[in-house]
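Colleague: Sequence first, predicted model second:
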Amino acid sequence: MNLEQIKQRLVLYEQLMRLDKPIGILLLLWPTLWALWISGYGHPDLVTVWIFVLGTVLMRSAGCVINDLADRHFDPHVERTRERPLAAGRISPQEAGVLALCLVSMAFLLVLQLNRLTLALSVVALFLAATYPFTKRFFWIPQAYLGVAFGFGIPMAFAAQLDTVPGLAWELLVANVFWAIAYDTEYAMVDREDDRRIGIRSSALLFGRFDVVAVMLCYATMLGILAWIGYRIHLKWPYFVGLAIAASLAAYHYTLIRQRDRAGCFKAFLHNNWVGAAIFLGLVGSYAAR
């Protein structure tokens, strides 16, 4: 294999891991950072932060590979996914399996630097990431399962810094589940007709004509839980400003999805990065104001 062929292979691996589309990494990272800052009382251990950031990139990449392996017989029939490397036959399932194993192994080596409780929780996180793609076969709201999988960095962050997982961590996880249902329903609204045709379950199909209402209720519930948490742990005004900005962004998403236009729904999904960022910056500001 010459240098040009190696470069082409690396580009295919990048596409398979979605490194060229980092929105999934960001949606996984923001709630983890929320938890790191809260469990570290505004001053998280920087080595631990870097372990979680790198672990997020590795596990999200592994999750994408596992997802495409699980969906390799469905993706060729969906307009948005038919050109993915596995679906298009440019990478073999065996090659993808080796790549996923390498990514998981690197993430495991990172977690070995943390305590036993975090290591035990990482096994649960791996199980969630590996099984999520299959929930679309039988579970009508796989977006809720995704929220648990994407939010499991929350209890892991508390475990890493406090060596325990308090009730607050699980409340944050519940808030993340509602957020994931909101943004991933927007995503599912893009693929609604393809999913119906090939028999894939999704919240967009489950909610039907109430999909927009359901999305907005999920945003409201997420923000309500986060506001209650902030009140209980005495966070300062910048945090609530961050929540207000996040709420205004959610309102903007309503204008994007209310007509159920595919481009608008996808834009709203991508825009959720700024929701997570606004909440995180509010947290940072709150602890800085103390």
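Modeller: Received it, and whenever you're ready, just let me know what you need. Numbering: from 1, shown residues only.
Colleague: separation between residue 205 and residue 189?
Modeller: 10 Å (CB to CB, to the nearest Å). For glycine as for every other residue, the C-beta is placed from the backbone atoms N, C-alpha and C.
Colleague: more crowded one of those two?
Modeller: The neighbour count for residue 205 versus residue 189, taken as other CB atoms under 10 Å, is higher for residue 189 (26 against 19).
Colleague: tell me what the host helix or strand of that one is packed against?
Modeller: In the assignment (DSSP states H and E), residue 189 maps to helix 167-190. Applying 3 or more CB pairs under 8 Å, 6 or more residues apart in numbering; DSSP states H and E, we find helix 167-190 packed against helix 23-39, helix 142-151, helix 153-162, helix 203-207, helix 211-232, helix 237-257, helix 262-288.
Colleague: want to throw these into JSON lines with distance to residue 131 and mean pLDDT?
Modeller: Formatted as JSON lines, these follow (distance: least, CB to CB, whole Å; pLDDT from 0 to 100):
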{"stretch": "helix 23-39", "distance to residue 131": "16", "mean pLDDT": "97"}
{"stretch": "helix 142-151", "distance to residue 131": "8", "mean pLDDT": "92"}
{"stretch": "helix 153-162", "distance to residue 131": "17", "mean pLDDT": "98"}
{"stretch": "helix 203-207", "distance to residue 131": "18", "mean pLDDT": "89"}
{"stretch": "helix 211-232", "distance to residue 131": "22", "mean pLDDT": "98"}
{"stretch": "helix 237-257", "distance to residue 131": "28", "mean pLDDT": "98"}
{"stretch": "helix 262-288", "distance to residue 131": "23", "mean pLDDT": "97"}
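Colleague: what sits against residue 23?
Modeller: 269-270, 272-273 (CB atoms under 8 Å, 6 or more residues apart in numbering).
Colleague: out of those, who has the most neighbours?
Modeller: residue 272 (25 neighbours).
Colleague: For residue 26, see how far away the closest residue to that residue other than its chain neighbours is.
Modeller: Setting aside the residues directly before and after it, residue 272 is nearest to residue 183 in space (CB to CB, 6 or more residues apart in numbering), at 4.2 Å. For residue 183, the distance to residue 26 equals 11 Å [CB to CB].
Colleague: More neighbours: these two, which one.
Modeller: Taking other CB under 10 Å, residue 183 and residue 26 do not tie; residue 183 has more neighbours (29 against 16).
Colleague: Can you give me the distance of the more buried one to residue 31?
Modeller: 12 Å.
Colleague: same thing with residue 237?
Modeller: Residue 237 sits 22 Å away from residue 31, going by CB to CB.
Colleague: cool, residue 223 as well?
Modeller: Taken as CB to CB, the span from residue 223 to residue 31 is 13 Å.
Colleague: For residue 191, list the residues it contacts.
Modeller: The contact partners of residue 191, by CB under 8 Å, 6+ apart, come to 78, 80, 200, 202, 204.
Colleague: quick one, what contacts residue 239?
Modeller: So residue 239 contacts 230, 282-283, 285-286 (CB under 8 Å, 6+ apart).
Colleague: now, the most widely separated pair of those?
Modeller: Greatest spatial distance in the contacts of residue 239: 230 and 285, 11.8 Å, computed using CB to CB.
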